[in-house]
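Pasting the sequence and the predicted model now:
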Amino acid sequence: MSFATKANALWEYANPKKFLTTSERVQPYIWSAAILCLVVGLIWGFFLTPDDYRQGSTVKIIYLHVPSALMAINVWLMMLVTSLVWLVRRHHVSALAARAAAPIGVVMTMIALATGAIWGQPMWGTWWAWDPRLTSFLILFLFYLGYIALWEAIDNPDTAADLTSVLCLVGSVFAILSRYAVNFWNQGLHQGASIMRAAAVTGADTEEKVSNVFFYPLLLCIIGFVLLFVALLLYRTGTEIRARRIRALLARERVGA
Amino acid sequence: MIALLLRDLKLAFRAGGGFGLGLAFFLIVTVLVPFSVGPQSSLLATIAPGVLWLGALLACLLSLDRLLALDWEDGSLDLLATAPLPLEAVVTIKALAHWITTGLPLVLAAPVLGVLLNLPLPGFSWLVISLLTGTPALSVIGTFGAALTVGLKRGGLLLSLLVLPLNVPTLIFGAEVARRGAVGMETSTPLLLLAGITAATVALLPFASAAVLRVNLR
């Protein structure tokens, strides 16, 4: 199959009906895969890995903290992509997917912040520090709130989709800007990336890398979080599509009566 | 363009409420700070640059909801949109008018309020320089927020929620210039970054503002 036809195949799902039937067909599989990954990954991580020699059992919060933090950023990226698709190609499913994703992103950001605070209390001796990473997540949280509030505030769905899409684009630029500004503003307490670091992957730097014992259940948890997000997203997008259909039907009824 | 600018300035000066309000707010916030943190002059001197920057930022926010909303209500925004002037130019002029009526007075008032907060002597010039460099960005970002929320009944609160996170980089670099200047440190790096943010927002953000304004006028 050539690339062009493959790309066309993806745009087929811009049709809400096609999207709904396919997403409903695959949803049970994605839900079960997500639950399986999370159950196995969390049980493996919580009960079957050794305690860290310095951090004790507190290190195990990593199985919730890292995946949710990853998702918090990637959900915003996904919203950015779907917003662009809406602005360029005017597919309603795309805009609705962005709308459906935002609350999931908020929850992921909250989980990342909360688990970080719970871990930070015994380890850093404080619930909160104005560390660049923590601060950028808090700012990301505010961006999510503004985005959702704008969606909720506007009555006309197409206007709302347009405005939130532009806000998402501008917000992305400013979020990146804030990330670097915050880096400049304060030196960090948070550790650097230690899972996918290049030196660690090649094995040159074994000290800093998360050991394999912790890495495999963590990977499973990350996959589980991604699948959970996809499942929730499909579910919520389906709900949004149906809600809009109901609005259309009600409007038609009112005109008829 | 000049005519539009003059019209906006006249409206701001004569219609009342708009022009002096931001300035009075800035004054009140600054006066309230010693009441909340205590009158020790060393403490006030430490936090003065940050407090003055924050006060200026909030004061800039205050007049944003009337920036486009008044023209939207009486229909002149529709006329401006159909005028030969591109909408990008209209929003740039609006931002400029907002800066002249709000940003510039804040810059001029800041040194006086710096005295109240016991700002160290070298800090005064850097405070003025940083505000002069940074407040245009605040106006342009605020205009974007105003354009986003112009059609809404209760846009005021939402406007703050949208605009404040966007102001984070400007605040960080602006307050950093003032802080470093006050303690006699090198200021060129944050000042250049602040100027970069201002230049980039002034150059690019009017396009986004005009785009959302077109959606709202549709």
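Perfect, I can see it now. Numbering: from 1, shown residues only, chains lettered A, B, ... in the order given.

buried set for the host helix or strand of A:Trp44?
Using DSSP states H and E, A:Trp44 sits in helix A:16-47. Within helix A:16-47, the residues that count as buried by 16 or more other CB atoms under 10 Å in any protein chain shown are A:16, A:19-20, A:23, A:30-31, A:33-34, A:37-38, A:41-42, A:44-45. For every residue, glycine as well, the C-beta is placed using N, CA and C.

For the residues you listed, give me TSV that also has distance to chain B and pLDDT.
Formatted as TSV, these follow (distance: CB to the nearest CB, whole Å; pLDDT from 0 to 100):
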residue	distance to chain B	pLDDT
A:Pro16	22	85
A:Phe19	25	88
A:Leu20	27	89
A:Ser23	29	89
A:Ile30	32	93
A:Trp31	34	94
A:Ala33	35	94
A:Ala34	31	94
A:Cys37	33	93
A:Leu38	31	93
A:Gly41	33	90
A:Leu42	33	90
A:Trp44	38	89
A:Gly45	34	86
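
Tell me if the longest helix anywhere in chain B is near chain A.
In terms of residue count, the longest helix belonging to chain B (DSSP state H) is helix B:188-217. Yes: for helix B:188-217 and chain A, the contact criterion (CB under 8 Å from any CB of the partner chain) is met by B:190, B:193, B:197, B:205, B:208, B:211-212, B:215-216.

can you check stretch B:70-84 too?
No: applying CB under 8 Å from any CB, one finds stretch B:70-84 separated from chain A by no less than 13.8 Å.

What's the end-to-end length of that stretch?
Length of stretch B:70-84, first residue to last, CA to CA, to the nearest Å: 21 Å.

Please compute how far that stretch lies from its chain's middle.
Counting by CA atoms, centre = their mean, to the nearest Å, stretch B:70-84 is centred 23 Å from the centre of its parent chain.

residues of it that come out buried?
Buried, per 16+ other CB under 10 Å, within stretch B:70-84: B:71-72, B:77, B:80-81.

just checking, which of those belong to helices?
B:71-72, B:77, B:80-81.

Dump the residues you listed into a markdown table; add pLDDT as well.
Formatted as a markdown table, those follow (pLDDT from 0 to 100):
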| residue | pLDDT |
| --- | --- |
| B:Asp71 | 83 |
| B:Trp72 | 85 |
| B:Leu77 | 85 |
| B:Leu80 | 84 |
| B:Ala81 | 84 |
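
ok, B:Ala95 - contacts?
B:Ala95 sits next to B:136, B:139-140, B:142-143, B:202, B:206, B:209 when contact means CB atoms under 8 Å, 6 or more residues apart in numbering or on different chains.

tell me which of those is nearest to chain A?
B:Ser209 (9.1 Å; CB to the nearest CB).

What is the lowest-mean-pLDDT helix or strand in chain B packed up against?
Across the helices and strands of chain B, mean confidence by mean pLDDT, DSSP states H and E is lowest for helix B:2-14: a mean of 75. Helices and strands touching helix B:2-14, by 3 or more CB pairs under 8 Å, 6 or more residues apart in numbering or on different chains; DSSP states H and E, are helix B:87-98.

next SSE after the helix it packs on?
The C-terminal neighbour of helix B:87-98 among helices and strands, as given by DSSP H and E, is helix B:104-116.

what does that next one contact?
By CB under 8 Å, 6+ apart, helix B:104-116 touches B:19, B:22-23, B:26-27, B:30-31, B:34, B:48, B:52, B:55-56, B:59-60, B:123-124, B:127-128, B:131-132, B:135.

Can you tell me which of those residues end up in helices?
B:19, B:22-23, B:26-27, B:30-31, B:34, B:48, B:52, B:55-56, B:59-60, B:123-124, B:127-128, B:131-132, B:135.

so where is the chain shaky, pLDDT-wise?
No chain was given, so I picked chain A. Along chain A, the parts satisfying pLDDT under 70 run over A:1-9, A:53-54, A:187-189, A:191-211, A:257.

switch to chain B, that's the one I care about
Using pLDDT under 70, the flagged stretches of chain B are B:13-19.

Count residues in the vicinity of the closest residue to B:Leu148 other than its chain neighbours, would you?
Computed as CB to CB, 6 or more residues apart in numbering or on different chains, the closest residue to B:Leu148 that is not its neighbour in sequence is B:Val212, at 5.2 Å. A count of nearby residues for B:Val212, using other CB atoms under 10 Å in any protein chain shown, gives 26.

Does B:Val212 touch B:Thr149 like I think?
No: with contact defined as CB atoms under 8 Å, B:Val212 does not reach B:Thr149; the gap is 9.2 Å.

neighbours around the nearest residue in space to B:Leu43 that is not next to it in sequence, how many?
With sequence-adjacent residues excluded and distances taken as CB to CB, 6+ apart, B:Leu43 is closest to B:Val37, at 6.3 Å. Here the count is done by other CB under 10 Å, and B:Val37 has 12 residues near it.

Quickly note the distance from the nearest residue to A:Val75 once chain neighbours are set aside to A:Tyr63.
Distances taken as CB to CB, 6+ apart place A:Gly105 nearest to A:Val75, at 3.6 Å, with adjacent residues excluded. The gap separating A:Gly105 from A:Tyr63 is 20 Å, by CB to CB, to the nearest Å.

what does the stretch 1-150 of chain A put close to chain B?
A:139, A:142-143, A:145-146, A:149-150.

Buried ones among the residues you listed?
A:139, A:142-143, A:145-146, A:150.

could I get these as a markdown table with secondary structure?
Output for those, formatted as a markdown table (DSSP: H, G, I helix; E, B strand; the rest coil):
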| residue | secondary structure |
| --- | --- |
| A:Ile139 | helix |
| A:Leu142 | helix |
| A:Phe143 | helix |
| A:Leu145 | helix |
| A:Gly146 | helix |
| A:Leu150 | helix |
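
Tell me where the stretch 51-200 of chain A has helices.
Using DSSP state H, counting those that start in this stretch, the helices found in the stretch 51-200 of chain A span residues A:62-89, A:92-124, A:132-153, A:157-185, A:198-202.

Quick check: which of these is nearest to B:Lys94?
Among the helices of the stretch 51-200 of chain A, helix A:157-185 comes nearest to B:Lys94, with 17.1 Å by CB to CB.

Can you give the distance of the closest one from its chain's centre?
16 Å.

Just want to check the distance between B:Phe25 and chain A.
22 Å (CB to the nearest CB, to the nearest Å).

quick one: contacts for that residue?
B:55, B:58-59, B:62.

Torsion angles phi and psi at the residue nearest to B:Leu43?
phi -110, psi -10 (degrees, to the nearest 10).

who wins for most neighbours among the contacts of B:Ala95?
B:Gly142 (32 neighbours).

And that residue, how far from B:Gly50?
Distance from B:Gly142 to B:Gly50, by CB to CB: 20 Å.

And A:Leu250, by the same measure?
Counting by CB to CB - A:Leu250 and B:Gly50 are separated by 52 Å.

With neighbour numbers in mind, choose between the two.
B:Gly50 (16 against 10).

what sits against that one?
Counting by CB under 8 Å, 6+ apart, B:Gly50 makes contact with B:175, B:178-179.

Counting neighbours, which of the residues you listed comes out on top?
B:Ala178 leads the contacts of B:Gly50 on contacts (other CB under 10 Å) with 30 neighbours.

tell me which element that residue is part of?
Here B:Ala178 sits within helix B:168-182, counting by DSSP H and E.
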